[in-house]
Every structure is written in structure tokens, then in C-alpha cells.
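Undergrad: pasting the sequence and the predicted coordinates here, then a few questions.
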Amino acid sequence: MTTGTLALIAPEQFDALKRGDETVLADLFKADYDPLEQAAEQELHDPAAAARAVEHAFVHAYADLDKVQSPEGFNAALVAALHEETARERRRLNAAHRMAASQGREPHAARQPVSVDDAWRKVQEALHPKAVDAAGAAALRREEAKHHAAAHVKELGNKRSGWVVGGAVMGVAVLATAAVLWLDKGSEGARVTAALNSPDAASVKTEPGQSGSLKLSDGGEVSLAPASLVKVPPGYNSKWRAVLIEGAATITVAPNGTLPFEARLGRAAVVATGTRFAVRRFDNDGVGVVRVLEGSVSVRLGDVATPVAAGQAVVITDDAVRPATPGEAARLTGWVDGVVHIETTSLEAALPEMRRWWGLVITIADPAIASRPVSMQAPASDPTAAIRMLEQAANVTLAWENKQMVLRPAPTRSRR
């Protein structure tokens, strides 16, 4: 992707930007919008999608400004974010084309270009979202879908919007994953399952490298790890209290003597009345994990309920719940304490974890180093430290090449 020449950022502008001066951000956005939008459109051939990519790239680069140390660093972060957002928009467009083909119809033609002023308004909406709670999310979803995203929703077969809530992307989606199995044989469990899979359920999703939180209407809170999702059904706190988690989250449960709280995690349910616990189940983990931070919970899988007390962690497999070993608890839930553990057999397998936890899109320049073993622990909030530890663990060096982060073998030190 060729992005043209971006506006030079004066030191005083950069200082103001670091202080949160959005007038500087507006000036940079309006100066850089055309070259960035044109670069994205060259790959997407859809001006509306290109505009979205630029909008989201600016939001992400601005959100990560605390990690940037120089004006040049901001432009580099902006270009890297645009690469990622363009790839995401390409996947969305491809999905829409496949759906159109499967239904025997022509895909929608590319929409009209988006003006810089309209695009900037979208950025402002993302930077200053309205407060949203679980009870009002469904109504806001319908309004957003009605006025801003109806055509896009139809193309993608889901209902995602573009709000940013506490660092998370707010949307309402019909998940394109396997249906959650009924966890009860009784009708109540079936009704909760149906509500969680309802198109009126509210969703909050975080992107790689971003965390977010959702304040529930009963006073509880779900804090999402990067690349994670929580769904809240309609009727929350009146008919039931249940959420569905994909990825990782820390959940603070508000006490309620009438309605117990239930967090769905794959085929399992974590039931609590008032407590704080962490859950994790990413697709590539192969297992789920529950770690109780305060109080106690009951982990239900099929007809078996397993009590878990504060300070304990359990692993959930396809057919059993068992105590987690100390190593498993550290590896799977260390992010709760601010430390990400990466224990893998190869450098190549570690890179998706770098993207998930720190939003770092890194490629390997030399295939010979792809199989190098990696074992590391890095601060969840410090991508620079994560890169340094990856370099040390695999004896590699990261460099910027053509505006991309690339790994090469570390140079051999000469002996005197």
C-alpha cells in the first residue's frame, strides 16, 4: 500500500496532541485524509470502505498515542493502523460478495466517496460516544442500524455499528460461530440461550491490542481483554442475568438475592450471586479457564456443577472441569495481573499472540527463523517491552521495512 506523503507534524503540534488537543488531530486528519483514503481505495475499490478504514485508523492511532514518542512515530502508527483496517474492510467486502453469490444476486456497487468533513464527524462520534448501558444498547442499535448502517448490515449478515465504548467497539451481532448448547435441560436454560442468540442482544467487542468495559444495568461490570466479546441478552436484570463471553474477561457481579448471575463460556456456565472472577476461552486455546478473584462460583458443564473458591482456577475441557495446574493458571490468566504469558513451540505461532495482546502486526522475513522456540512473559500494557522480550526469546531483531514490522535473525556478534 502506497500512502503518499503525510503531513509533517511540528514538535509543538505533537506536544499538543499528546496533551489531548483534538484541534491538532482534526488538522492532521484533514491534511492526511485524501492520501490515506486513496491508498485504501486502491486496494478496496470501495470509497465508503476506504473512508471507514481511514476513520478507524485515526481513532486507533490516537488511542495508542501514549505509546508514541515522536511525530514520526505517530505517522508510522497511523500507517500501520491503516494497513490493519484496510485488511479488515477487505475481509468484510469479501464476505459480502460471497453472501451475494450464494444468494444468486449481484454484490452491491461501491458507494459514493465520503467527504473529509463527514469522515471527521465519524471520528468525533467514536472519540466521544454516548454512555451506553446494557438496557439501552438494543434501542441504540436499532437507531444506529436504521440511520447509518442498514445496507452494510444486510451485506454482512450481522449488525455491527461503529461506536467506541471505553476502548471497545460497540455493536449488535448475530455471531457467526457455533450455537451455544443448552446448558440446562429445563426451559429456563433454553430461554436464556435463545435470548443470548437473539438479534436484539447487545454486544461489545474489543479489537486486538485494545481493552474495554461494559457497565451492566444491575451495577455489575464486564472488563474485556483484547480481541474479546461479550453479549448481553434483552431482558437483562428483569428476566435473567446472563452474558456470553468469547475471548477473555474479568467480571464483577452485582449482588442480587433473586436473580443469580450466569456467564456462558463455550459449553459451560459460571454461576455466581455476587463475586469477581476471570474467564478465558479463545478458539486456539482448546480449553476454557475460570479463575475466582473474590467470593466463589459454580462451574456447570452438562449435569455436573463444580464449586470454585476464591484463589482457585479450573480448566474446562469438552467433557470435564478440573483444577488448573499452577502453570496453566499463570499462562491462561496472567493477563489479569498485567502479565501476558506466551509459551509456544515456534516464533511463527507466537506472532498471533503479539497481535492479540498488543495489536502488533509483525511478519517474518526469513522462513528459517519461523520455527525458533519462544517462551516469554511481558507486561500487558507495554508493547515496546513485549517486542524486546520477543527479540530476546527468539534471538531476532525487529525492524521497520516498507512501513511494516519485520523480524530477521539477530546479527552475530564478532569476537575479538
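TA: That came through fine.
Undergrad: only C-alpha atoms from now on, for both contacts and neighbour counts.
TA: Will do.
Undergrad: okay, now G209: neighbour count?
TA: Residue neighbour count, defined by other CA atoms under 10 Å, stands at 22 for G209.
Undergrad: what's the distance between it and E85?
TA: G209 is 13 Å from E85, where distance means CA to CA, to the nearest Å.
Undergrad: need the longest helix for the chain.
TA: helix 71-102 (DSSP state H).
Undergrad: elements contacting it?
TA: helix 22-44, helix 47-63, helix 150-156 (3 or more CA pairs under 8 Å, 6 or more residues apart in numbering; DSSP states H and E).
Undergrad: dump those to TSV, plus mean pLDDT, mean neighbour count and distance to D283.
TA: Shown next, in TSV, are the helices and strands packed on helix 71-102 (pLDDT from 0 to 100; neighbours: other CA atoms under 10 Å; distance: least, CA to CA, whole Å):
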stretch	mean pLDDT	mean neighbour count	distance to D283
helix 22-44	90	19	28
helix 47-63	90	23	25
helix 150-156	33	16	22
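Undergrad: nearest to Q112, out of the ones you listed?
TA: Ranking those by their distance to Q112 (criterion: CA to CA) puts helix 47-63 first, at 6.3 Å.
Undergrad: hmm, who's touching the closest one?
TA: Applying CA atoms under 8 Å, 6 or more residues apart in numbering, the contact partners of helix 47-63 are 29, 33, 36-38, 40-41, 44, 74, 77-79, 81-82, 85-86, 89, 110-114, 119-120, 122-123, 126-127.
Undergrad: tilt between that helix and helix 22-44?
TA: Between helix 47-63 and helix 22-44, the angle comes out at 140 degrees (axes from the mean of the first three to the mean of the last three CA atoms, to 10 degrees).
Undergrad: and the angle from helix 47-63 to helix 71-102?
TA: 140 degrees.
Undergrad: and whichever strand in the chain runs longest, what does it pack against?
TA: Counting by DSSP state E, the longest strand found in the chain is strand 241-252. If you count contacts as 3+ CA pairs under 8 Å, 6+ apart, strand 241-252 packs onto helix 187-196, strand 221-224, strand 229-232, strand 261-265, strand 276-281.
Undergrad: can we see that at 7 Å?
TA: strand 221-224, strand 229-232, strand 261-265, strand 276-281 (3 or more CA pairs under 7 Å, 6 or more residues apart in numbering; DSSP states H and E).
Undergrad: point out where the stretch 1-150 of the chain drops to low pLDDT.
TA: The stretch 1-150 of the chain contains residues with pLDDT under 70 at 1-5, 99-111, 129-150.
Undergrad: domain ranges for the chain?
TA: In terms of domains, the chain is parsed into 11-128, 136-334, 338-409 (source: automatic domain parsing).
Undergrad: please identify the most buried of those.
TA: domain 136-334 (a mean of 19; mean count of other CA atoms under 10 Å).
Undergrad: so K231 bridges to which residues?
TA: In this entry, K231 is beta-bridged to S203, L244, by DSSP bridges.
Undergrad: OK, contacts around it?
TA: K231 is in contact with L196, A201, A202, S203, V204, V243, L244, I245, counting by CA atoms under 7 Å, 6 or more residues apart in numbering.
Undergrad: so for R280, which of the helices and strands packed on helix 71-102 sits nearest?
TA: R280 lies closest, by CA to CA, to one member of the helices and strands packed on helix 71-102: helix 47-63, at 24.5 Å.
Undergrad: now the closest one - C-alpha only, CSV.
TA: Output in CSV follows, covering the C-alpha atoms of helix 47-63 (Å, rounded to 0.1, in the frame of the first residue of the first chain):
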residue,chain,number,x,y,z
PRO,A,47,-14.7,4.6,-1.4
ALA,A,48,-17.1,4.0,1.6
ALA,A,49,-15.0,1.1,2.9
ALA,A,50,-11.8,3.2,2.3
ALA,A,51,-13.2,6.1,4.4
ARG,A,52,-14.1,3.7,7.2
ALA,A,53,-10.5,2.3,7.2
VAL,A,54,-9.1,5.8,7.5
GLU,A,55,-11.5,6.8,10.2
HIS,A,56,-10.8,3.7,12.3
ALA,A,57,-7.0,4.1,11.7
PHE,A,58,-7.0,7.6,13.2
VAL,A,59,-9.1,6.5,16.2
HIS,A,60,-6.7,3.6,16.9
ALA,A,61,-3.6,5.7,16.4
TYR,A,62,-4.9,8.4,18.7
ALA,A,63,-5.9,5.9,21.3
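Undergrad: from the chain's centroid, how far away is it?
TA: 16 Å (CA atoms, centre = their mean, to the nearest Å).
Undergrad: contacts for stretch 356-364?
TA: Contacts of stretch 356-364 (CA under 7 Å, 6+ apart): 208-209, 226-227, 351, 354-355, 370, 380, 383, 405-408.
Undergrad: kindly recompute the last result at 8 Å.
TA: So stretch 356-364 is contacted by 80, 84, 207-210, 225-227, 340, 348, 351, 354-355, 370, 380-383, 404-408 (CA under 8 Å, 6+ apart).
Undergrad: for E343, give the beta-bridge partners.
TA: S375.
Undergrad: now do the contacts for it.
TA: Going by CA under 8 Å, 6+ apart, the list of residues near E343 reads R331, A350, V374, S375, M376.
Undergrad: which element, helix or strand, includes the second one?
TA: Counting by DSSP states H and E, the element that carries A350 is helix 347-358.
Undergrad: restrict that helix to CA atoms and write it as PDB.
TA: C-alpha atoms of helix 347-358 as PDB (Å, rounded to 0.1, in the frame of the first residue of the first chain):
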ATOM      1  CA  LEU A 347       8.100 -17.900  16.700                       C
ATOM      2  CA  GLU A 348       5.500 -18.200  14.000                       C
ATOM      3  CA  ALA A 349       2.900 -19.400  16.500                       C
ATOM      4  CA  ALA A 350       3.800 -16.500  18.800                       C
ATOM      5  CA  LEU A 351       3.100 -13.700  16.400                       C
ATOM      6  CA  PRO A 352      -0.800 -14.100  16.500                       C
ATOM      7  CA  GLU A 353      -0.400 -13.700  20.300                       C
ATOM      8  CA  MET A 354       1.600 -10.500  19.800                       C
ATOM      9  CA  ARG A 355      -1.200  -9.200  17.600                       C
ATOM     10  CA  ARG A 356      -3.900 -10.200  20.000                       C
ATOM     11  CA  TRP A 357      -2.500  -8.700  23.200                       C
ATOM     12  CA  TRP A 358      -0.600  -5.700  21.900                       C
END
